[in-house]
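# The amino acid sequence is not available; the structure is as follows:
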């Protein structure tokens, strides 16, 4: 038995050696075939790419396509098209790396220094958009400063979001003694309110001392403009946003201002009384978002101090009822035609709307996002002369937008009340809910459509009246 097993082991071993001897050259041949196949596949892909229609495009046209794709990306962090197109083919990579405009968006927050250095090199001398986010700690601060300082004069858009004002000021100080010939927009945001800090760190007085002749957009949040910039740099600013009413005094230095946004505004008695007249002859749009008011009538005080004869659009959000103590003079804003009321707090909203109606009598377009009962009371008010009814408020109103979901019956009552007062709406924008799919509601909307053209409001209605640049604060090249 043992002898039989030994013979069997020898037989199996011999067979295995024979198979291995036969297999070895086959594996070698297969490896050679794999190498040849890969080489052919690479050549095939190259030829296919060269034969494709897009391969026949001149490099200049392909670069233009890349630039259009890059420019179409919305929020800065949403896309990195330059990276994608540079990893498709060697030809595309060559074109992408040779197109400086693709490498102009630089982010301090999530880019490694090596990546930032590559972008700065590839963008050559083209103006850059620099986005800086600084938290509690500043990582590789010295290396970053050494890398970015020589390129600060190339900034077209500069956005600094810092937790502490120290970090924000440190970034701004990189512009000390500099001229910024390409700078068009500047955004300065301090997350921690500086009033809570005990810092002696200040911005260098010669920040942008060389001038920024193209600076047209400025946003400063949770810190005053005076702590960040010399007022002489504001002469060219056309769009400005701030959250501290202390910055209202900077408007005396913005003669070319056309768009103004007051965001998360805190109105304080000490700041508003007294307030010298603010003359902004070119202002066409004013957006006010009131976060808190200490005492009644403060919004009236600010608006009374404002002289803006060209103002066309007024956007009001979260305005307390007692913020308006008395109506404005009807001649205060003679060019005002567009009024947006996002919400008015407290129980006396109808009275606040009346005050705006008296002070803004020439409104033709009204966007209203609050309790419709308050608005209906105002729109139904009438004046009767020789037996003829005319609207008491907003007699020229022809377009009304109601972004909030409102029941059709409520809107129909308002439309009919307006007609009874002698006014007729031409266009009605509405944000309808699921109830509009019911048979009864459809019949109501058909009835409404007999009195005014009904259109659906979709998305963020504020974008219908706010300039596109409010979102990104990046002014496109003209």
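Now that the structure is in, tell me what you want to look at. Since the structure is predicted, the reported quantities are computational estimates derived from the model, not experimental observations.

# Show me where the stretch 251-400 of the chain dips below the pLDDT cut-off.
Scanning the stretch 251-400 of the chain with the threshold set as pLDDT under 70 gives 264-273, 291-298, 320-324, 345-348.

# Could I get the full set of helices for it?
269-272, 298-305, 349-359, 372-379 (DSSP state H, counting those that start in this stretch).

# Go through those and name the closest to residue 425.
The closest of those to residue 425 is helix 372-379. By C-beta to C-beta, the value is 8.9 Å. For the C-beta atoms, the positions are set from N, CA and C on the backbone; glycine is no exception.

# what's the closest one packed up against?
helix 349-359, helix 408-420 (3 or more C-beta pairs under 8 Å, 6 or more residues apart in numbering; DSSP states H and E).

# Tell me which of these is the most buried.
Highest mean neighbour count of the helices and strands packed on helix 372-379: helix 349-359, a mean of 21 (counted as mean count of other C-beta atoms under 10 Å).

# the strands in the stretch 51-200 of the chain, which residues?
For the stretch 51-200 of the chain, the strands defined by DSSP state E, counting those that start in this stretch occupy 105-107, 128-134, 155-162, 185-190.

# Take those and write them to a markdown table, including mean neighbour count.
Formatted as a markdown table, these follow (neighbours: other C-beta atoms under 10 Å):
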| stretch | mean neighbour count |
| --- | --- |
| strand 105-107 | 21 |
| strand 128-134 | 21 |
| strand 155-162 | 23 |
| strand 185-190 | 23 |
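
# May I see those strands organised as CSV, with distance to residue 27 and mean pLDDT added?
Below are these laid out as CSV (distance: least, C-beta to C-beta, whole Å; pLDDT from 0 to 100):
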stretch, distance to residue 27, mean pLDDT
strand 105-107, 50, 92
strand 128-134, 55, 91
strand 155-162, 59, 93
strand 185-190, 63, 92
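
# Can I get those in CSV including distance to residue 9?
Below are the strands of the stretch 51-200 of the chain laid out as CSV (distance: least, C-beta to C-beta, whole Å):
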stretch, distance to residue 9
strand 105-107, 69
strand 128-134, 72
strand 155-162, 76
strand 185-190, 81
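
# circling back: would CSV of the helices and strands packed on helix 372-379 with distance to residue 340 be doable?
Converted to CSV, these look like this (distance: least, C-beta to C-beta, whole Å):
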stretch, distance to residue 340
helix 349-359, 11
helix 408-420, 18
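
# Indicate which one of the ones you listed is closest to residue 290.
Nearest of the helices and strands packed on helix 372-379 (C-beta to C-beta): helix 349-359, 11.9 Å.

# Just list what the closest one packs against, helices and strands only.
Contact here means 3+ C-beta pairs under 8 Å, 6+ apart; on that basis helix 349-359 packs against strand 338-341, helix 372-379.

# Looking at these, which is nearest to residue 360?
Evaluated over the helices and strands packed on helix 349-359, closeness to residue 360 peaks at strand 338-341, with 5.8 Å, by C-beta to C-beta.

# what's the closest one packed up against?
strand 313-317, helix 349-359, strand 365-368.

# tell me the angle of the longest one relative to helix 372-379?
For helix 349-359 against helix 372-379, the angle by axes from the mean of the first three to the mean of the last three C-alpha atoms, to 10 degrees is 40 degrees.

# Helix 349-359 vs helix 298-305, what angle?
Going by the same axes, to 10 degrees, helix 349-359 is angled at 0 degrees with respect to helix 298-305.

# Tell me what angle helix 349-359 forms with strand 313-317.
Using the same axes, to 10 degrees, helix 349-359 lies at 160 degrees relative to strand 313-317.

# now the helices for the stretch 1-150 of the chain?
With helices called from DSSP H, counting those that start in this stretch, the stretch 1-150 of the chain shows them at 2-51, 59-72, 81-85, 90-97, 113-122, 141-148.

# Reformat these as TSV; add distance to residue 447.
TSV is the format used below for those (distance: least, C-beta to C-beta, whole Å):
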stretch	distance to residue 447
helix 2-51	61
helix 59-72	42
helix 81-85	49
helix 90-97	58
helix 113-122	59
helix 141-148	63
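
# would you turn the ones you listed into CSV with mean neighbour count and mean pLDDT?
What follows is those, written out as CSV (neighbours: other C-beta atoms under 10 Å; pLDDT from 0 to 100):
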stretch, mean neighbour count, mean pLDDT
helix 2-51, 10, 86
helix 59-72, 14, 91
helix 81-85, 17, 91
helix 90-97, 16, 91
helix 113-122, 15, 94
helix 141-148, 14, 89
